[in-house]
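Student: Predicted model and sequence below, questions to follow.
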Amino acid sequence: MIIGETPLPEGPLGVDAVAVTMKFGDFLALDNVALKVRPGSFHALLGENGAGKSTLVKCIMGYYHATEGDIMVGGREQAIANPKDAHALGLGMVYQHFTLVPAMTVAENLVLARDDVPAIVNWAKEKQELEAFLARMPFKVPLNARVSDISAGERQKCEILKQLYLRRRFLILDEPTSVLTPGEADEVLGMLRDMVVNGGLTILMITHKFREVMAFADEVTILRRGKLAGNGKVADLTPDSMARMMIGAEELTVQPPRVGQLGEARLELSKLCAIDDAGAVAVENVSLTVRGGEIVGIAGVSGNGQRQLVEVLAGQREAESGEVRVRGDLYSASREEMRRHKMSLLPEEPLRNACVGGMSVADNLAFREFDRAPFASKGWWLNRSAFRKDAERKIGLYKIKTRSPDTPISALSGGNVQRAVLARELGGEVEVLIAANPCFGLDFAAVAQIHAEIMAARNRGAAVLLVSEDLDELLELSDRLVVMFHGQFVHEARASEADLTEIGRHMAGH
Amino acid sequence: MTTGSADPVEAVGVAPAADPGFLQRYGATIEYILIPGAALVGALATFGLFVALFGKNPLDLYFYMYQGAFGTWFSWQNTLTRAAPLILTALCTALPAQLGMVIIGGEGALLIGALSATSVALAMPWASPLVVQTAMVCAGVIGGGLWITLAGALRQYRGVNETISSLLLVYIGLAVLNHLVEGAMRDPASLNKPSTREIGAANMIGSIPGTDVHWGLAFGLVAAFASYILIYHTVFGFSARVAGGNIRAAKIVGLGVNKLILMICFLAGGAAGIAGMVEVAAVQGRTNANLAAGYGFTGILVAFLARHNPLAIIPVAILLGGISASGGLLQRRLGLPDASVLVLQGIIFVFVLASDALYGRIGFLKGKS
């Protein structure tokens, strides 16, 4: 900072990004983007995945240095070399995932976050100050509770409180509600909204939920493929007009209508129990029947045992007790059983769960079939040309963007990895489909395609178990909805009759 | 994470492929040659400094090393004879590495393979040499194979780290060998060096015609090529690469990971077991503690330098065989201790392991993405 410069204005800060361009090699992540966040406003940054939202806020926070363009803070051009500079200016960011230390108390986490933690902490004094601070805040959190013991909603409040405790006056929230139930999301955003209205804070929220934008934001900026697609006052816009700006002229796959009849029981879980990596019970006495021609959705806040349940069904984790039956036969996730019952799995994080990053796209597409003709001659010799031919067909059919079938799959974007797994798992006949957050982090086109494929599989008579953290997705696709909380199924409803508040209440464990 | 394609790594796949360019297409391959090569040069330079401390001229050192390894037909034969067991023991590390395991117990499998082969040969004095030799190969493979399978089984069923268990099995193998050689199987005529009885001159496998290089080299070459074909052209190898690349992905497509691990451990141990059988049937003629000459440990170095590629193991084994072959000449001409080539091997290992951090970080090889 230049000596003699006038200090930054008091109160909420405004931030402008002026003509920001960001290049990674030849890839243009941001192309001449402008963002104007007025002091004391609640601003939403909308865009599909890959539109450049995170890149833009990382430029503001000093994680990236824009190739061209300037960042203005409080109406003044600032060179932000690193996040520390941003913090010194009063800019703070709340990440999508928690950054608290689970084994420490809330108070310890707050004090720990300060830049000037003394060598010996006078806890009595700190506690007193923290309580005085909390008294001024609209949220309440239990200061002496361990972070591991409080709920996701309270953790998110802690994250936000931490930023306020550090006297940040401009707060960036990166999809802050993705880990919250709808009720918790409304509560947290409502409190933040009040703080903005009362002055003292400016908020820039990254999101893809129109509902939140309409309910809480004053202004919105929309990015599409690294370019500014539109901005304006929320009052002047509708969800439809915002969606059009986000997606552009892209054609989305049309989801087939829900048709067909309920068939026989295909997938039956009875009294299934599983433990997580730490040895704690994650899935407890879970029983469920999924019939052919129906989609059963499992709702729940992340971390309530859904992951472990899917891992058991995918053969990645052993059940502690209970049994799984597929079409009446006991099932232990062997290759032979998966093949006989025509099972398909769409796990979350496909690169981690369903692909080998270093192997080619063609190889990854062949994981289910490589040990049979035409991929293998006489059951042991690999027939490379069959791999290539099949891969070229699937790449075309599922619109997988890749340089060639021989490109390592880790070089593909998230949506294209997901499409490759979709092509592999849904390319053949499917009788049982297990999908876990199949659309997490994907753009509209990919989501529409995946939803259409899942619905089409259901209409062809497949039994579908869909685990998702996205309630909208579940309500759109499911025939039946089950809520999972603390490893148990606590609520069940027909999706057409489901009541959002009722489901939200069960997700929170009430 | 919300902006997937904003990530520079992912962006590579999204950007249209106008012209991949030479560096982009072959950058990774060049890296695989350049980095271990540079590590080798760095290690040789460091060894030069080490020798200079002894008051010797490093240039003389390099010259004599070359002479001793590749300078004459005689030194070539010496080099190839030493390379043969190295190829086999390197496979003992390279094959499990395809499944993501680090097995460093090739020495133990070699010893057990040698012991098994000797026992079989001594048990069938009536049989014709061809039958005895065939039985010795089988015994070597089975003995060595089961030895490493034990390490694999301990890992899969009891959660024991395979690196540690395979290393400890080396010492158990050596102890078993010493126990039998000094006890039940001891030839009363072997006074100074307890040994088993000789398998008999007729049963020795001899040299490749026209050379002094024994048939072990052929075993090594065949095993390396067969491993390459197994890993890259068969259903088994494909399954192994899937499981080695990502165990979660292998499970989700229902591959039997336990079976894969046990089978590949058996093949790996079998390769080292053949090395032991060859040492008995082509060099020593009997089993004694001389067999623990460190081929199993040098094989680890070969496998890492070759980045676990079965074909790359062949030239690397010849190179390291040459280094060890030059030890004698260095001793005679420069008066260096015989063990100095071990110092060089150690330095090479440290350089190779450290160079691992360089992959993907060499700017000019990344090409324009």
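Tutor: Structure's in. What do you need? All of these numbers come straight from a predicted model, not from anything done at the bench.
Student: Going by C-alpha atoms from here, please, whenever you check contacts or count neighbours.
Tutor: Fine.
Student: Can you list the residue ranges for helices in the stretch 201-350 of chain A?
Tutor: A:210-216, A:239-247, A:306-314, A:335-340, A:350-353 (DSSP state H, counting those that start in this stretch).
Student: out of the ones you listed, nearest to residue A:430?
Tutor: Among those, the nearest to residue A:430 by C-alpha to C-alpha is helix A:335-340 (9.8 Å).
Student: okay, the helices of the stretch 201-350 of chain A in a markdown table with mean neighbour count and distance to chain B next?
Tutor: Converted to a markdown table, these look like this (neighbours: other C-alpha atoms under 10 Å in any protein chain shown; distance: least, C-alpha to the nearest C-alpha, whole Å):
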| stretch | mean neighbour count | distance to chain B |
| --- | --- | --- |
| helix A:210-216 | 16 | 16 |
| helix A:239-247 | 17 | 14 |
| helix A:306-314 | 23 | 5 |
| helix A:335-340 | 16 | 4 |
| helix A:350-353 | 19 | 5 |
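Student: Could you tell me the least trusted of those helices?
Tutor: Lowest mean pLDDT of the helices of the stretch 201-350 of chain A: helix A:239-247, a mean of 83.
Student: Mind listing residues that contact it?
Tutor: With C-alpha atoms under 8 Å, 6 or more residues apart in numbering or on different chains as the test, helix A:239-247 has contacts from A:46-48, A:210-211, A:214, A:222-224, A:229-230, A:444.
Student: just the buried members of those residues?
Tutor: Buried members of those, counted by 16 or more other C-alpha atoms under 10 Å in any protein chain shown: A:46-48, A:214, A:222-224, A:229-230, A:444.
Student: What about the residues you listed, which are in strands?
Tutor: A:46-47, A:222-224, A:229-230 (DSSP state E).
Student: would you turn these into a markdown table with pLDDT and distance to residue A:16?
Tutor: Formatted as a markdown table, those follow (pLDDT from 0 to 100; distance: C-alpha to C-alpha, whole Å):
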| residue | pLDDT | distance to residue A:16 |
| --- | --- | --- |
| A:46 | 88 | 16 |
| A:47 | 83 | 18 |
| A:222 | 91 | 15 |
| A:223 | 90 | 15 |
| A:224 | 86 | 19 |
| A:229 | 89 | 17 |
| A:230 | 89 | 15 |
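Student: Considering those, which is situated nearest to residue A:426?
Tutor: Among these, and counting by C-alpha to C-alpha, the member closest to residue A:426 is residue A:47, at 28.6 Å.
Student: I'd guessed the closest one sits against residue A:226; true?
Tutor: No. Using C-alpha atoms under 8 Å, residue A:47 is not in contact with residue A:226; the gap is 9.4 Å.
Student: So which bits of stretch B:218-234 are buried?
Tutor: B:219-221, B:223-224, B:227-228, B:230-231, B:233-234.
Student: For residue B:204, give me its contacts.
Tutor: B:133, B:281-282, B:285.
Student: And the pLDDT for it?
Tutor: On pLDDT, residue B:204 comes in at 90.
Student: likewise residue A:294?
Tutor: 94.
Student: and it, how far is that from residue A:260?
Tutor: Applying C-alpha to C-alpha, to the nearest Å, the value for residue A:294 to residue A:260 is 9 Å.
Student: what's the overlap in contacts for those two?
Tutor: With C-alpha under 8 Å, 6+ apart as the test, residue A:294 and residue A:260 both reach residue A:461.
Student: between these two, which one's more packed in?
Tutor: Ranked by neighbour count (other C-alpha atoms under 10 Å in any protein chain shown), residue A:294 and residue A:260 place residue A:294 first, with 28 against 13.
Student: hang on, the earlier thing: for the contacts of helix A:239-247, could you give me a markdown table that also reports distance to residue B:156?
Tutor: Converted to a markdown table, these look like this (distance: C-alpha to C-alpha, whole Å):
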| residue | distance to residue B:156 |
| --- | --- |
| A:46 | 48 |
| A:47 | 46 |
| A:48 | 43 |
| A:210 | 49 |
| A:211 | 50 |
| A:214 | 54 |
| A:222 | 51 |
| A:223 | 49 |
| A:224 | 49 |
| A:229 | 54 |
| A:230 | 56 |
| A:444 | 42 |
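Student: Which of the helices or strands spans the residue nearest the centre of chain B?
Tutor: The centroid of chain B falls nearest to residue B:90 when counting by C-alpha atoms, centre = their mean (1.2 Å). For residue B:90, the host element (DSSP states H and E) is helix B:73-97.
Student: Give the buried residues for the very next helix or strand once past that helix.
Tutor: As assigned by DSSP H and E, the chain's next helix or strand after helix B:73-97 is helix B:106-123. Within helix B:106-123, the residues scored as buried using 16+ other C-alpha under 10 Å are B:106-122.
Student: Using the three-state scheme, assign the residue lying closest to residue B:230 once chain neighbours are set aside.
Tutor: Distance criterion C-alpha to C-alpha, 6 or more residues apart in numbering or on different chains; nearest residue to residue B:230, sequence neighbours excluded, is residue B:237 at 5.3 Å. Assigned by DSSP: H, G, I helix; E, B strand; the rest coil, the conformation of residue B:237 is helix.
Student: show me where the stretch 51-200 of chain A has helices.
Tutor: So, for the stretch 51-200 of chain A - with DSSP H, counting those that start in this stretch - the helices run A:53-60, A:83-89, A:106-112, A:123-135, A:152-165, A:182-197.
Student: residues in the stretch 251-400 of chain A within reach of chain B, list them.
Tutor: A:314-316, A:333-336, A:338, A:345, A:352-359, A:367-368, A:370-371, A:376, A:379-382 (C-alpha under 8 Å from any C-alpha of the partner chain).
Student: Now list the buried members of those residues.
Tutor: A:314-316, A:333-335, A:338, A:345, A:353-359, A:367-368, A:370-371, A:376, A:380-382.
Student: So which of the residues you listed are in strands?
Tutor: Per DSSP E, those map to strands at A:345, A:376, A:381-382.
Student: Tell me which two in these are the farthest apart.
Tutor: Greatest spatial distance in those: A:345 and A:381, 26.5 Å, computed using C-alpha to C-alpha.
Student: Centre of the chain to stretch B:113-126, how far?
Tutor: 24 Å (C-alpha atoms, centre = their mean, to the nearest Å).
Student: How about residue B:291, nearest residue that isn't a chain neighbour?
Tutor: residue B:111 (6.7 Å).
Student: which secondary structure elements does whichever strand or helix holds residue A:388 contact?
Tutor: In the assignment (DSSP H and E), residue A:388 maps to helix A:384-397. Judged by 3 or more C-alpha pairs under 8 Å, 6 or more residues apart in numbering or on different chains; DSSP states H and E, helix A:384-397 is in contact with helix A:361-365, helix A:414-426.
Student: tell me the most buried of those helices?
Tutor: Mean neighbours per residue, mean count of other C-alpha atoms under 10 Å in any protein chain shown, is largest over the helices and strands packed on helix A:384-397 for helix A:361-365, with a mean of 26.
Student: Go ahead and name everything in contact with it.
Tutor: Outside helix A:361-365, the residues that reach it (C-alpha under 8 Å, 6+ apart) are A:355-356, A:387-388, A:390-392, A:404-409, A:420-421, A:423-424.
Student: go again using 6 Å as the cut-off
Tutor: Contact with helix A:361-365 is made by A:387, A:391, A:405-409, A:424, as judged by C-alpha atoms under 6 Å, 6 or more residues apart in numbering or on different chains.
Student: List buried residues within these.
Tutor: A:387, A:391, A:405, A:407-409, A:424.
Student: and of these, the nearest to residue A:399?
Tutor: Set against residue A:399, the nearest of these by C-alpha to C-alpha is residue A:391 (11.5 Å).
Student: Residue A:220: how many residues sit nearby?
Tutor: For residue A:220, the count of nearby residues is 26 (other C-alpha under 10 Å).
Student: shouldn't it be in contact with residue A:231?
Tutor: Yes. Between residue A:220 and residue A:231 there is a contact under C-alpha atoms under 6 Å: 5.4 Å.
Student: on that earlier part again, from the contacts of helix A:239-247, pick the one nearest chain B.
Tutor: Using C-alpha to the nearest C-alpha, residue A:48 comes nearest to chain B of the contacts of helix A:239-247, at 7.7 Å.
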